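Student: Compute the structure for the input listed below.
(one chain, ligands or ions: 2)
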Amino acid sequence: MSNHIAAAPDDIAETVLLPGDPLRARWIATTYLDDASCYSSVRNMLGYTGTYRGQRISVQGTGMGQPSLSIYAHELLAEYGARTLVRVGSCGGLQESVAIRDVIVAMSASTDSSINFLRFHGLNFAPAADFTLVRAYVERAENAGVPHHIGQIFSTDSFYLDRPELHDRLRDYGVLAVEMETAALYTLAAKFDARALSVNTVSDSLVTGEALSSDDRERSFAEMVELTLDTVTASGSAGGGESRS
Ligand SMILES: O=P(O)(O)O[C@H]1O[C@H](CO)[C@@H](O)[C@H]1O
Ligand SMILES: O=c1cc[nH]c(=O)[nH]1
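Tutor: Ligands and ions are numbered 1, 2, ... in the order given. Next up, the predicted model:
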């Protein structure tokens, strides 16, 4: 086992879906995976492995925020051999054109976190998605007629922001939505030469004030999750993709 995941080395698939909410992980595993079994419940941060259309897939809760996601993503990449990580999250819409339940496909992520500032000694690293995953996901979203937006997301350390005017500035610069993990996910995937994508269903609007319930955030993101499973298992690709070298 690793520090925070109580699984044997082979218990976890090379492709892992990453919801922030561990109960969303349980819902995804019990709804979509065949022969799903729970490999870890340390801190109740549930992780499952099963099969989807015959291919091995894992689902691991990450908790909220970049420090928490970084622990799980690091251990999956460094100790369990994960090659493809897809965040299946919720987010707050920043633009008028972004409606509740639309899916945000995050090409890149800005952040107010100091993690990368420290990691790169003041350089502004630009965390970005794996293009092959973006393309494959968007093709499926278009074919299925699922409302979606492709662009930049804001990964904040502060759900309750002391500077709400920052949202106005980000809106002016075209940022689509706010959540709390994607910048760290894309950074760690780059570090470990793995593939990552973050897709996020809009659970509330910072424009209109509309919001989904916690039950909905746990169990109702079927379209986003089905597109994700279709994407990562297409052409038997759940084993990973091309590497840099
Ligand atoms: O619903 P999840 O995937 O946890 O994502 C969003 O919800 C949490 C905040 O409520 C943060 O983790 C944010 O990124
Ligand atoms: O981080 C998040 C997630 C959902 N909605 C928000 O406003 N922020």
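
Student: Dihedrals phi and psi, the residue sitting nearest the centre point of the chain?
Tutor: Centroid check for the chain by Cα atoms, centre = their mean gives residue 87 as the closest residue, at 1.3 Å. Backbone torsions of residue 87, given as degrees, to the nearest 10, read phi -70, psi 130.

Student: Go ahead and confirm it touches residue 19.
Tutor: Yes - if you go by Cβ atoms under 8 Å, residue 87 and residue 19 touch, sitting 7.5 Å apart. All C-beta spots, glycine's among them, are computed from the backbone N, C-alpha and C.

Student: what do the two both touch?
Tutor: residue 62 (Cβ atoms under 8 Å, 6 or more residues apart in numbering).

Student: where does residue 9 fall, phi/psi-wise?
Tutor: With angles defined as degrees, to the nearest 10, residue 9 shows backbone torsions of phi -50, psi -40.

Student: and the gap between it and ligand 1?
Tutor: 27 Å (Cβ to the nearest ligand atom, to the nearest Å).

Student: quick one: that residue and residue 80 touch, right?
Tutor: Yes - if you go by Cβ under 8 Å, residue 9 and residue 80 touch, sitting 6.7 Å apart.

Student: Look at those two and report which has more neighbours.
Tutor: residue 80 (23 against 10; other Cβ atoms under 10 Å).

Student: Pull up the pairing partners for the helix or strand hosting residue 91, direction included.
Tutor: Secondary structure from DSSP states H and E places residue 91 in strand 84-93. Neighbouring strands of strand 84-93 in its sheet, by DSSP bridges, are strand 15-18 (parallel), strand 177-179 (antiparallel), strand 195-205 (parallel).

Student: Save the ones you listed as TSV, and put in mean pLDDT, mean neighbour count and distance to residue 42 too.
Tutor: Shown next, in TSV, are the strands paired with strand 84-93 (pLDDT from 0 to 100; neighbours: other Cβ atoms under 10 Å; distance: least, Cβ to Cβ, whole Å):
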stretch	mean pLDDT	mean neighbour count	distance to residue 42
strand 15-18	98	28	16
strand 177-179	98	27	24
strand 195-205	98	25	23
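
Student: Which of these sits closest to ligand 1?
Tutor: The closest of the strands paired with strand 84-93 to ligand 1 is strand 177-179. By Cβ to the nearest ligand atom, the value is 3.5 Å.

Student: Let me see the residues that make contact with the very next helix or strand once past the closest one.
Tutor: Going down the chain from strand 177-179, the next helix or strand is helix 182-191, by DSSP H and E. Where contact means Cβ under 8 Å, 6+ apart, the residues beyond helix 182-191 that reach it are 18, 66, 69-70, 73-74, 77, 85, 87, 89, 106, 108-111, 113, 115-116, 119, 125, 127-130, 153, 155, 194-196, 198, 200.
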